[in-house]
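A.B. asks: I'll drop the sequence and a predicted model, then ask my questions.
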Amino acid sequence: KAGVTQTPRYLIKTRGQQVTLSCSPISGHRSVSWYQQTPGQGLQFLFEYFSETQRNKGNFPGRFSGRQFSNSRSEMNVSTLELGDSALYLCASGGLNEQFFGPGTRLTVL
Amino acid sequence: AQSVTQLDSQVPVFEEAPVELRCNYSSSVSVYLFWYVQYPNQGLQLLLKYLSGSTLVKGINGFEAEFNKSQTSFHLRKPSVHISDTAEYFCAVNRFTGGGNKLTFGTGTQLKVEL
């Protein structure tokens, strides 16, 4: 069974641009969650999607958004990038009793 | 709201020595508890989890953890570490929140195994 995949693995953007990250969950998983990891703030929950609906949301500004497609693949979008958005963005799929993580997308904002 | 505290940001230990990584949590409701490991430039890998039942949980790579409800702790242990165990370890809790799930992580403990 294939694991959680994330594309791209690395991304460099400049301030003010927008970016879209993609996540494909494990086959059969309907829940996809997104996390931001930074040295200063650690691992923080962004949002969770289940059956194309946002089911849970963390404490991030509206510049961070996401969506989920009918095949459970998910995308997250960050608009008007700031230097502080530089981070490792992790996607996870699974349920309450176990979350499987992808390798992450390393976003660098210059 | 729930929170997770990992008091030790770094733990140095010699190879073949035992190690304990501490984790305390707070929550007003029951939670599921997890330990994840992260190697450089990689995602998170689940080491073990406590959902219910026996309070001593065994995981991969020889790790185990004990759930202590009265002390709200979930410490991770390994009787003999190897160089390859050098990594960052995260304790996390998951509580069913408003129909969804959301992991709350501790700040992580960097385990450095030395020869």
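C.D. replies: Done, it's in.

A.B. asks: alpha carbons only for contacts and neighbour counts from here, please
C.D. replies: Noted.

A.B. asks: Low-confidence stretches in chain B?
C.D. replies: Residues of chain B meeting the criterion pLDDT under 70: B:96-99.

A.B. asks: give me the residue from it nearest chain A.
C.D. replies: Closest to chain A within chain B is residue B:43: 4.1 Å, counting by Cα to the nearest Cα.

A.B. asks: For the residue of chain A found nearest chain B, which non-adjacent residue is spatially closest?
C.D. replies: Nearest residue of chain A to chain B: residue A:103, at 4.1 Å (Cα to the nearest Cα). Leaving out its chain neighbours, the residue that sits closest to residue A:103 by Cα to Cα, 6 or more residues apart in numbering or on different chains is residue B:43, at 4.1 Å.

A.B. asks: Could you pull out the strands in chain B for me?
C.D. replies: For chain B, the strands defined by DSSP state E occupy B:3-5, B:10-14, B:19-21, B:24-26, B:32-38, B:44-50, B:56-58, B:64-68, B:73-78, B:87-97, B:100-105, B:109-114.

A.B. asks: Ok, which of those comes nearest residue A:64?
C.D. replies: Closest to residue A:64 of those, according to Cα to Cα: strand B:100-105, at 16.9 Å.

A.B. asks: What strands line up against that closest one, and which way round?
C.D. replies: As defined by DSSP bridges, the strand partners of strand B:100-105 come to strand B:87-97 (antiparallel).

A.B. asks: Outside of the strand it pairs with itself, list whatever touches it.
C.D. replies: Strand B:87-97 is touched from outside by A:56, A:96-97, B:2-4, B:6, B:23, B:25, B:29-40, B:101-112, with contacts defined as Cα atoms under 8 Å, 6 or more residues apart in numbering or on different chains.

A.B. asks: make it 6 Å
C.D. replies: B:31-39, B:102-106, B:108-111 (Cα atoms under 6 Å, 6 or more residues apart in numbering or on different chains).

A.B. asks: Over to the residue sitting nearest the centre point of chain A. Which of the three states is it?
C.D. replies: Centroid check for chain A by Cα atoms, centre = their mean gives residue A:34 as the closest residue, at 3.7 Å. When classified by DSSP: H, G, I helix; E, B strand; the rest coil, residue A:34 comes out as strand.

A.B. asks: Burial check on the nearest residue to it once chain neighbours are set aside, number of neighbours?
C.D. replies: In space, and not counting its chain neighbours, residue A:34 is closest to residue A:91: 4.6 Å by Cα to Cα, 6+ apart. Residue A:91 is flanked by 34 other residues according to other Cα atoms under 10 Å in any protein chain shown.

A.B. asks: If anything else comes up later, I'll come back, but that's it for now.
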